[in-house]
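Participant: sequence and predicted structure, then a few things I'm wondering about:
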Amino acid sequence: MHEAETQVALLGFRRVDDAAGVSVARALRAGWRGRLVLAALGYDAFMGGAWIPGLVDRFHLLAGDPASDELLVERILEFHAERPFDALIPCDHTEVPVIAAHSERLAMAGIRTLVARQDRIAAIARPRMVAFLQELEVATPQSLFVPDRGDVAACAAQLGFPLWVKGSVDGALKAHSVEQARDAAEKLDGFAQRGVLLQRVADGETFDVAMVVGRDGRATGLVATRRLAVNDDGKVVCAAVVDDPQIEKLARRVLEALEWRGPLQLELARHAGRDRLHVCDVRAGLPGWSMLSHWSECNLPVRLLDSVLDNGESATGMARTGRICVRAVEEAAIPLESLMQLERRRHSDGIEGADNSSVNAHTDANRGLSGLRVAITGTSTFDVINAGIGVARALRLAPEVSRIYGLSYGTFDSGIYDPELFDASFQLPVGGSPSAILDRLLAIHEEHPFDVVIPCLDGELPQFIAIRDKLEAAGVSTLLPDKRAFERRAKLRLFNGSVARNWDSFELPESIIAGSESELLKAVRSIGFPVAIKGPLAHCMRADNLGEAKAAWRRLTAFGTTKVIVQPFIAGQFFAVASVTDRDHRALASMTVKKLATCQRGSTWSAIRVTNRALEADVGRLLSELGWVGPAEAEFIRDRMRDRYYLIEVNPRFTAWIYFSACLGVNHPRIAALAAAGKRPTLSDDGAADLVFVRASHELAVKATSLAAISTKGYVHNGHM
């Protein structure tokens, strides 16, 4: 039993939560026996998901470039001198080499760590990993490290598709063509990493193994998982703990060859029809699914901390099998003052966990009362975070809503398994026609009646618009635009000159639509460089010359694009206005945010509300001109030079950060649900601007029976029916 207070510093929190820090902190909180004080060390004030209330006790801001090893270590020593900690755990594998290089210096200052030797870490770096594994006579998928980005196309064509394009240090993107491989290499081959590793995608089962090795070379914990779902960014979406003697044998063989100490991860593949395992990747550090190790009764962060502190208390052995997790998200609103304090003073106290007893009591009480029953689509976090997650979270705070049902399109839509979001979830036909979706909705409605349906995905809105009248006839209300309004706000229509360019508070950028490479080159010559070249649905690329413009055309057409929009490239801060309009096209509610942190795909991970009534009024006028009904989000860039807002797109649905509106007392999903049901919502808007929206990835435990139910029966109940 750990009776004394244990001070632990976790290194590796970044602006967007892609590292393992949040999961490691959650696992330590869940499994450590005794009083624990966690300090998060990060490179900017946002620190990814570390701000989720109740997760860490204090924050320290690491100044400067994280690639500057000396500066990083000096700052760690400064923090330790001010507020000592007993142990340091690097949660981002990119920082493990730095800690290894300075482990003796840290130890002399009283900071305990446990990492492998520098030469051992270098042996598994991606530029050298394949050679190390071949020397060990361990099989690997066809792989080729390409130091020069200009050689990627030829090398990718030689290997064949699909393949993974992996950064020399971090990151992975899946490519299905030469152009996609080029595009992935350009994104990954950036500052602090040169070259990419090309690797054929395994055609069988894939696994992850995470281990902790003590100072004596003994493995104190080993957890093997089978990847049930992986997205195109290489992130594990769903995983299950397995017991496989062949995996354990191979993992221990690699450990022995490396003479490893500390945490290590392996990515393995077993090709279909073959029994032999291949090693796809080797990484130092703890996994981003560390909470799954806790649920499997082999808590790897706890076992690592025991080894760091030489407690000698951790058990050994494999994890309990059968535990499953899906990748989900948490969201919260935190005081702006806490962020500002961290930026000013380089340290700040953590945010205490919220007392949700009253909210939970209110929610549980609502579930037993008559009230609005709302069904919501957009429940996935597979590739991007769908808006239905935030809509459901906001509706949980609406006193008029009694039940919330999720409508999913995939088995691995993480939101459907979260009982805090949905009382039950039902599967819709993937790629279904309007009639197929209608039949399924009516079948669900017959068994589990609902009053309102809120579609939250761009691609499904035409189907819901087509069946709106029949849903209304069956007693299911909607708040949707007509087909004409939906098409008018699409990018190709919005920027083709049919909508006025100049508004009082914003304007539409000069735009030319091109349907061929020659038309594109004519457009960029007319506009001048730099330009932004956009697809009609997604993707935006900057071009500074004709060569880059041609490359952008090739890349976009590789994604199936036939027309592109060419606009002047505008540098500046991103803003968004979220609105809900009634059936008379009048804005019921609006709010503006400034985006503080976004992920690579453009999803908002942190934002703050700003007051801009003029911008909101003009967005309301635009939506009225379009004939809009329901939720929408207008996205803007505020030009640095002209201090002018430029509209870049209008999303025809709730934005994924819409839970923030409920935190500010202007609950947009509540307003929309009531308006859909024909009720005039009471509105209160205190204009609060002292809160910051934050988001974090986390693991959600799932029962195997729940996965089976949604895939075979088409529904899952979360215990509240």
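Facilitator: The structure has been received and is ready for your questions. Numbers count the residues shown, from 1 in each chain.

Participant: for Gly262, give its distance to Ile467.
Facilitator: Note on Gly262: its distance to Ile467, by Cβ to Cβ, to the nearest Å, is 56 Å. Yep, even glycine has a C-beta here, placed from its N, CA and C like the rest.

Participant: next one: Gly353
Facilitator: In terms of Cβ to Cβ, Gly353 sits 43 Å off from Ile467.

Participant: the two: who's more crowded?
Facilitator: More neighbours surround Ile467 than the other of Gly353 and Ile467, with 22 against 11 (other Cβ atoms under 10 Å).

Participant: within the helices and strands, which one has that one?
Facilitator: In the assignment (DSSP states H and E), Ile467 maps to helix 461-473.

Participant: residues in contact with that helix?
Facilitator: 432-435, 437-438, 441, 453, 455, 477-478, 480-483, 486, 652-653 (Cβ atoms under 8 Å, 6 or more residues apart in numbering).

Participant: what is the burial count for Asp195?
Facilitator: Careful, residue 195 is Gly; it's not Asp. Neighbours around Gly195, by other Cβ under 10 Å: 20.

Participant: which ones are touching the spatially closest residue to it that is not a sequence neighbour?
Facilitator: If the residues on either side of it in the chain are set aside, Gly195 comes closest to Pro147, at 4.1 Å by Cβ to Cβ, 6 or more residues apart in numbering. Taking Cβ under 8 Å, 6+ apart, we find Pro147 in contact with Pro127, Arg194, Gly195.

Participant: the host helix or strand of the first one - contacts with which helices or strands?
Facilitator: Put plainly, it is Pro127. Per DSSP H and E, Pro127 falls inside helix 126-135. Helix 126-135 sits against helix 118-123, strand 143-146, strand 196-200, strand 277-284, with contacts defined as 3 or more Cβ pairs under 8 Å, 6 or more residues apart in numbering; DSSP states H and E.

Participant: need those in JSON lines (columns: mean pLDDT, distance to Ala210 and mean neighbour count).
Facilitator: Shown next, in JSON lines, are the helices and strands packed on helix 126-135 (pLDDT from 0 to 100; distance: least, Cβ to Cβ, whole Å; neighbours: other Cβ atoms under 10 Å):
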{"stretch": "helix 118-123", "mean pLDDT": "95", "distance to Ala210": "16", "mean neighbour count": "16"}
{"stretch": "strand 143-146", "mean pLDDT": "94", "distance to Ala210": "22", "mean neighbour count": "20"}
{"stretch": "strand 196-200", "mean pLDDT": "95", "distance to Ala210": "20", "mean neighbour count": "24"}
{"stretch": "strand 277-284", "mean pLDDT": "95", "distance to Ala210": "9", "mean neighbour count": "23"}
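
Participant: and those: which comes nearest Asp86?
Facilitator: Proximity to Asp86 (Cβ to Cβ) singles out strand 277-284 among those, at 21.2 Å.

Participant: please state the offset of that closest one from the chain centre?
Facilitator: With Cα atoms, centre = their mean, to the nearest Å as the basis, strand 277-284 stands 24 Å off its chain's centre.

Participant: which outside residues touch it?
Facilitator: Outside strand 277-284, the residues touching it (Cβ under 8 Å, 6+ apart) are 93, 96-97, 115-116, 121, 124, 126, 129, 132-133, 138-141, 164, 166, 199, 202, 206-207, 246-247, 250, 254, 262-271.

Participant: now do stretch 500-509
Facilitator: Residues outside stretch 500-509 that contact it (Cβ under 8 Å, 6+ apart) are 494-495, 499, 510, 567-568, 570, 612, 614-615, 617-618, 621-622, 625, 636, 644-648.

Participant: can you say which of those are buried?
Facilitator: Listed as buried from the contacts of stretch 500-509 are 494-495, 499, 567, 570, 612, 615, 617-618, 621-622, 636, 645-648; burial here means 16 or more other Cβ atoms under 10 Å.

Participant: so who does Val178 touch?
Facilitator: Ala153, Ala156, Ala157, Ala558.

Participant: helix, strand or coil for the third one?
Facilitator: Under DSSP: H, G, I helix; E, B strand; the rest coil, the three-state class of Ala157 is helix.

Participant: which ones are touching it?
Facilitator: Counting by Cβ under 8 Å, 6+ apart, Ala157 has contacts Val178.

Participant: cool, Gly262 as well?
Facilitator: Contacts of Gly262 by Cβ under 8 Å, 6+ apart are Val96, Leu114, Val115, Ala116, Val212, Val213, Ala284, Leu304, Ser307.

Participant: surely the first one meets Pro90?
Facilitator: I take that to be Val96. Yes - at 5.2 Å, Val96 counts as touching Pro90 under the criterion of Cβ atoms under 8 Å.

Participant: neighbour count: those two, which is higher?
Facilitator: Neighbours were counted for Val96 and for Pro90 using other Cβ under 10 Å; Pro90 has more, 28 against 24.

Participant: so how far is Leu10 from the more buried one?
Facilitator: The value you get for Pro90 to Leu10, if Cβ to Cβ is used, is 8 Å.

Participant: before we move on, what about Arg120?
Facilitator: On the measure of Cβ to Cβ, Arg120 and Leu10 end up 23 Å apart.

Participant: widest-spaced pair of the buried ones among the contacts of stretch 500-509?
Facilitator: Gln567 and Ala617 (24.6 Å).

Participant: beta partners for the spatially closest residue to Leu623 that is not a sequence neighbour?
Facilitator: Nearest residue to Leu623, sequence neighbours excluded (Cβ to Cβ, 6+ apart): Thr581, at 5.4 Å. Thr581 forms beta bridges with Ala587, Gly630, as assigned by DSSP bridges.

Participant: burial of Thr581, as a residue count?
Facilitator: Thr581 has 27 nearby residues by other Cβ under 10 Å.

Participant: kindly report the same for the one 4 residues further on.
Facilitator: Counted with other Cβ under 10 Å, residues neighbouring His585 total 17.

Participant: okay, who's weakest in the contacts of Pro147 by pLDDT?
Facilitator: Lowest pLDDT within those is found at Arg194 (85).

Participant: can you give me phi and psi for it?
Facilitator: Note on Arg194: its backbone torsions stand at phi -120, psi 130 [degrees, to the nearest 10].

Participant: ok, back up a step: so which of the buried ones among the contacts of stretch 500-509 belong to helices?
Facilitator: If you go by DSSP state H, the buried ones among the contacts of stretch 500-509 have Leu494, Leu615, Ala617, Asp618, Arg621, Leu622 in helices.
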